[in-house]
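**Q** here are the coordinates; sequence isn't available:
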């Protein structure tokens with residue numbers, strides 16, 4: 001179980017090269033000589049060669065999920081090289097049980113005769129946390145202030161989300177204010193859809209990013225030009241960016257990593273107090289685009305995601321009439337309805353599948369058993385859900 005920001009960022013490091021750089025620096029401090037240019041194996045992958053005293057070894061790094069198969073495959077690739085090795089070090093962000101790790105080390109030793117060490121999540125964490133002389137590596141490789149590296153990121157994320165929701169309830173944007181009247185339908189206090197993305201490295205992080213250098217961000221609602229502030233990049237309706245009107249929608253991506261996106265373009269039928277059925281598509285599309293943005297900027301997973309509907313207690317979902325039944329059309333009954341709190345561990349996450357349960361929760365609150373944007377498919381007695389947005 002991940003309990004600290006250090007563990008979360010290690011687990012979501014997302015890049016084998018970053019892991020290799022970190023491990024290489026750790027090993028150098030343990031009196032290994034590291035040749036980072038290494039040698040190319042049969043798979044054309046370059047691995048670091050290691051030297052200690054009169055012995056030679058090789059370092060392999062993996063961020064994959066299948067630890068046992070990857071370990072055996074990499075050991076065989078090392079054995080296929082011309083060099084003779086005395087030891088084999090395998091670094092991974094996986095966290096196997098100690099018994100399994102010990103067994104795997106023995107298996108490789110028995111098969112190839114190498115002294116084998118698996119640097120898993122537990123061992124990497126202990127090396128970084130246990131030796132204050134290594135705390136600078138936490139800063140340099142993981143962009144975390146060592147003073148905050150051992151805090152629980154979930155607690156910080158929850159507190160931050162609560163603070164931002166309180167501001168949004170007061171119609172206060174990060175810069176400016178949020179409209180208190182729907183201009184097109186003349187409805188007071190129109191509902192707000194809010195998405196917050198909070199990377200594990202957000203609080204107490206060490207980085208050299210500045211808001212004016214960030215790329216243009218995605219948004220929940222299209223339209224508007226980006227505007228760069230001292231600490232973030234913001235996009236939204238143009239009159240709000242000029243300071244002439246409140247925001248009807250915006251997305252704010254902060255240099256510390258967190259993002260907040262809102263839209264009030266949600267009302268389908270003001271007389272029936274119905275919301276549009278496009279919330280699912282807005283959320284999933286925005287999150288997919290946001291992951292691309294984070295990859296471009298270099299802010300690593302994991303990301304904690306919150307999705308919240310504000311000021312919609314008297315609203316329901318405005319479904320097409322042919323889908324409507326007496327059991328549907330329930331009101332949301334809450335002025336603050338956070339239907340999504342999920343974690344995304346990879347830039348390449350399948351966002352619709354990650355968000356399926358939160359979005360089902362949204363639709364269930366309105367009286368539906370599930371979102372109308374997912375097809376339910378029965379195969380060999382199992383049920384799976386496929387993202388298929390209703391058009």
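**A** Nice, thanks for sending it over. Keep in mind the model is a prediction, meaning the values are calculated, not measured. Numbering: from 1, shown residues only.

**Q** quickly list what the residue positioned nearest the centre of the chain is bridged to.
**A** Centroid check for the chain by C-alpha atoms, centre = their mean gives residue 303 as the closest residue, at 2.6 Å. Here residue 303 sits in beta bridges with residue 199, residue 344, going by DSSP bridges.

**Q** how is this structure carved up into domains?
**A** The chain resolves into domains spanning 5-142, 153-357 when parsed by automatic domain parsing.

**Q** coming back round to it: can you tell me how far the residue nearest to the centre of the chain is from residue 387?
**A** According to C-beta to C-beta, to the nearest Å, residue 303 and residue 387 sit 19 Å apart. Yep, even glycine has a C-beta here, placed from its N, CA and C like the rest.

**Q** how about residue 251?
**A** 22 Å.

**Q** neighbour count for the two, which is higher?
**A** Using other C-beta atoms under 10 Å, the more surrounded residue of residue 251 and residue 387 is residue 251, with 28 against 18.

**Q** which SS state does the more buried one fall under?
**A** Judged by DSSP: H, G, I helix; E, B strand; the rest coil, the three-state class of residue 251 is strand.

**Q** name the SS class of residue 286, please.
**A** On the basis of three-state DSSP, residue 286 is classed as helix.

**Q** isn't it right next to residue 218, touching?
**A** Yes. Look at residue 286 against residue 218 with C-beta atoms under 8 Å: they come within range, at 5.7 Å.

**Q** quick one, phi psi at the residue of the chain positioned farthest from its centre?
**A** Taking C-alpha atoms, centre = their mean, the residue of the chain most remote from its mean C-alpha position is residue 54, at 43.4 Å. Backbone geometry at residue 54, expressed as degrees, to the nearest 10, gives phi -100, psi 10.

**Q** go on, residue 309?
**A** Torsion angles, degrees, to the nearest 10, at residue 309: phi -110, psi 120.

**Q** and the residue farthest from the centre of the chain, how far from residue 387?
**A** Residue 54 is 57 Å from residue 387, by C-beta to C-beta.

**Q** and what of residue 364?
**A** From residue 364 to residue 387 the distance is 17 Å (C-beta to C-beta).

**Q** can you check residue 30 too?
**A** Taking C-beta to C-beta, one finds residue 30 at 47 Å from residue 387.

**Q** same deal with residue 158?
**A** From residue 158 to residue 387 the distance is 28 Å (C-beta to C-beta).

**Q** check residue 228 too.
**A** Taking C-beta to C-beta as the measure, residue 228 falls 34 Å from residue 387.

**Q** which residues does the spatially closest residue to residue 88 that is not a sequence neighbour contact?
**A** Nearest residue to residue 88 in three dimensions, chain neighbours excluded: residue 114, at 4.3 Å (C-beta to C-beta, 6 or more residues apart in numbering). Each residue near residue 114 by C-beta atoms under 8 Å, 6 or more residues apart in numbering is listed here: 57, 75, 85, 86, 87, 88, 108.

**Q** most neighbours among these, which one?
**A** residue 88 (25 neighbours).

**Q** host element of that one?
**A** Element membership for residue 88, per DSSP states H and E: strand 87-92.

**Q** what packs against the strand or helix carrying residue 240?
**A** Using DSSP H and E, residue 240 sits in helix 238-241. If contacts are counted by 3 or more C-beta pairs under 8 Å, 6 or more residues apart in numbering; DSSP states H and E, helix 238-241 sits against no helix or strand.

**Q** how far out from the middle of the chain is it?
**A** Between the centre of helix 238-241 and the centre of its chain there are 29 Å (C-alpha atoms, centre = their mean, to the nearest Å).

**Q** contacts for that helix, please.
**A** Counting by C-beta under 8 Å, 6+ apart, 173, 176, 224, 225, 227, 234, 235, 245, 246, 247, 248, 250 sit against helix 238-241.

**Q** what's the closest of the contacts of residue 114 to residue 379?
**A** Of all these, residue 379 sits closest to residue 75, with 36.6 Å by C-beta to C-beta.

**Q** phi, psi for the closest one please.
**A** phi -60, psi -40.

**Q** that one reaches residue 109, doesn't it?
**A** No. Counting by C-beta under 8 Å, residue 75 sits too far from residue 109 to count as a contact (10.0 Å).

**Q** mind listing the shared neighbours of these two?
**A** Residues within reach of residue 75 and of residue 109 at once, by C-beta under 8 Å, 6+ apart, are residue 116.

**Q** hmm, back to that, of all the domains of the chain, which lies closest to residue 368?
**A** Residue 368 lies closest, by C-beta to C-beta, to one member of these: domain 153-357, at 5.9 Å.
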